[in-house]
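Q: Whatever this is, show me its structure:
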Amino acid sequence: MASSTERSVTVDGFRWQITELGDGPPVVLCHGFPGLGYSYRHQMRALADAGYRAIAPDMPGYGGTDIPRDIADYTNERVSDGLIRLLDALGHERAVFVGHDFGAPVAWTVALRHRERVSGLVLLAVPYAPDRFPLRPSELYASMARKHFLHIHYFQKPGVADRELDADPRGFLQRLFYALSGDYRYLDIWRHPSEGNGYLDVLPDAPPLPWSWLTEDELDHYVEIFTRTGFSGGLNWYRAYDANWERGAELDGAHLEVPTLFVAGANDPVVAMSGAQALDRMRETVSDLRGVHLVDGAGHFVQQERPEQVNELLLRFVAG
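A: All right, here's what the predicted structure looks like:
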């Protein structure tokens, strides 16, 4: 079986770095923070073996893809339009889009703005959220941060978190991967106050590698890339929350009308924070929801923590 290939594709002056494997109907895999196209390494092989073309871009701000300076280039609207232009450049009319973490809102924005280009949608970790916040996100997060440490608020000011994380990529990545996994209760860090704390001050110490789902070599790959690029590109996705809110009025309450699958870890803090009502709201506003699956023992990085279960669900969905 051939190995995956990495290459750069420049579209309208913007350079995407993509990893691809297989030949057949395309499946576009969109990662979140702090990820890379590499975060889908387990899914790419499974998709290729089943007769699909797996395409995993480094998202804007990450890896070998360009790192824009303008925060507007990190909005769901702008990135979703860029993914459609990338799909055009790769010669595909339609694709299944898979999104994890920040990649999930981007993927569902593709489905809302370019319905005819999406044959299916898979959301990992983040349930479809059609309703716009009643106030500006940065104001909401600042209010929450008065009670406890909130990374979303800490990430808002350019340069602060960037300097902290860039100074210790390995320490940050290993501790965050552990903290968000099914082996730790991430919401425990909320016990820490915001005042005087950075992210590394509140994240737990991580056990030594290897873990059941992450090896030393795999962590080394992330560390090598983020040591080269820094974390500012990834952090800019958080700084685009207000811009997304401002641009999202026209999609407030919109229903998804493409076949959709939702998969998350049963121990994912995103699911814990959003609650059962978020899953119920998704069921109300996704007209063709093919399944809601919470994978036992897994946390936020479900496609890496439980690849066999995720691959089985993914392949069953795309085949349908």
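
Q: pretty sure Gly306 contacts Val295?
A: You called it Gly, but residue 306 is Arg. Yes. Checked against C-beta atoms under 8 Å, the pair Arg306 and Val295 is within contact range at 4.9 Å. Quick note: C-beta positions are derived from backbone N, CA and C, even for glycine.

Q: Mind listing the shared neighbours of the two?
A: Gly265 (C-beta atoms under 8 Å, 6 or more residues apart in numbering).

Q: more crowded one of the two?
A: The residue with more neighbours, out of Arg306 and Val295 and counting by other C-beta atoms under 10 Å, is Arg306; that gives 24 against 20.

Q: show me what contacts the more buried one?
A: 213, 265, 295, 297-298.

Q: for Pro68, same thing?
A: 60-61, 74, 233, 236.

Q: now the least confident helix or strand in the chain by mean pLDDT, how far from the chain's geometric center?
A: In the chain, no helix or strand scores lower on mean pLDDT, DSSP states H and E than helix 269-285, which sits at a mean of 93. From the chain centre to the centre of helix 269-285 is a distance of 17 Å (C-alpha atoms, centre = their mean, to the nearest Å).

Q: With stretch 270-290 instead?
A: So, by C-alpha atoms, centre = their mean, the centroid of stretch 270-290 is 17 Å from its chain's centroid.

Q: And the contacts of stretch 280-296?
A: Counting contacts by C-beta under 8 Å, 6+ apart, the residues outside stretch 280-296 that touch it are 127-131, 253-266, 271, 279, 302, 305-306, 309-310, 313, 317, 320.

Q: Can you flag the buried ones in the residues you listed?
A: Burial of these was assessed by neighbour count (16 or more other C-beta atoms under 10 Å); the buried members are 127-128, 130, 254, 256, 258-266, 271, 279, 302, 305-306, 309-310, 313, 317.

Q: Assign Ala107 to helix, strand or coil.
A: helix (DSSP: H, G, I helix; E, B strand; the rest coil).

Q: wait, isn't it in contact with Gly99?
A: Yes. With contact defined as C-beta under 8 Å, Ala107 reaches Gly99; the gap is 3.1 Å.

Q: Which of the two has more residues huddled nearby?
A: When Ala107 and Gly99 are compared for neighbours, Ala107 comes out ahead with 30 against 26, by other C-beta under 10 Å.

Q: Tell me the predicted confidence for Leu121.
A: At Leu121, the predicted lDDT confidence score is 98.

Q: where do the strands sit along the protein?
A: Using DSSP state E, the strands found in the chain span residues 5-11, 14-21, 26-30, 53-57, 95-100, 118-124, 260-265, 289-295.

Q: Tell me which of the contacts of stretch 280-296 fall in helices.
A: Residues from those lying in helices, with DSSP state H as the criterion: 271, 279, 302, 305, 309-310, 313, 317.

Q: Looking at those residues, which is nearest Arg117?
A: Using C-beta to C-beta, Phe317 is the member of the ones in helices among the contacts of stretch 280-296 that sits closest to Arg117, with 17.7 Å.

Q: returning to what we had before: ok, the ones in helices among the contacts of stretch 280-296 vs Leu200, which is closest?
A: Glu305 (22.5 Å).

Q: Hmm, that closest one is touching Ala298, no?
A: Yes. Taking contacts as C-beta under 8 Å, Glu305 lies within contact range of Ala298: 4.4 Å.

Q: what touches both of the two?
A: Counting by C-beta under 8 Å, 6+ apart, the shared contacts of Glu305 and Ala298 are 181-182, 265.

Q: In JSON lines, list the ones in helices among the contacts of stretch 280-296 along with distance to Glu218.
A: JSON lines is the format used below for the ones in helices among the contacts of stretch 280-296 (distance: C-beta to C-beta, whole Å):
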{"residue": "Val271", "distance to Glu218": "24"}
{"residue": "Leu279", "distance to Glu218": "30"}
{"residue": "Val302", "distance to Glu218": "16"}
{"residue": "Glu305", "distance to Glu218": "12"}
{"residue": "Gln309", "distance to Glu218": "19"}
{"residue": "Val310", "distance to Glu218": "16"}
{"residue": "Leu313", "distance to Glu218": "22"}
{"residue": "Phe317", "distance to Glu218": "26"}
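
Q: Stretch 35-46: end-to-end distance?
A: 19 Å (C-alpha to C-alpha, to the nearest Å).

Q: Other residues contacting it?
A: Applying C-beta under 8 Å, 6+ apart, the external contacts of stretch 35-46 come out as 1, 4, 17-22, 29, 31, 54, 56-59, 62-63, 98, 100-101, 103, 221-222, 225, 301, 303-304, 307, 310-311, 314-315.

Q: Filter the residues you listed down to the buried ones.
A: Judged by 16+ other C-beta under 10 Å, buried ones among the contacts of stretch 35-46: 4, 17-22, 29, 31, 54, 56-59, 62-63, 98, 100-101, 103, 222, 225, 301, 303-304, 307, 310-311, 314-315.
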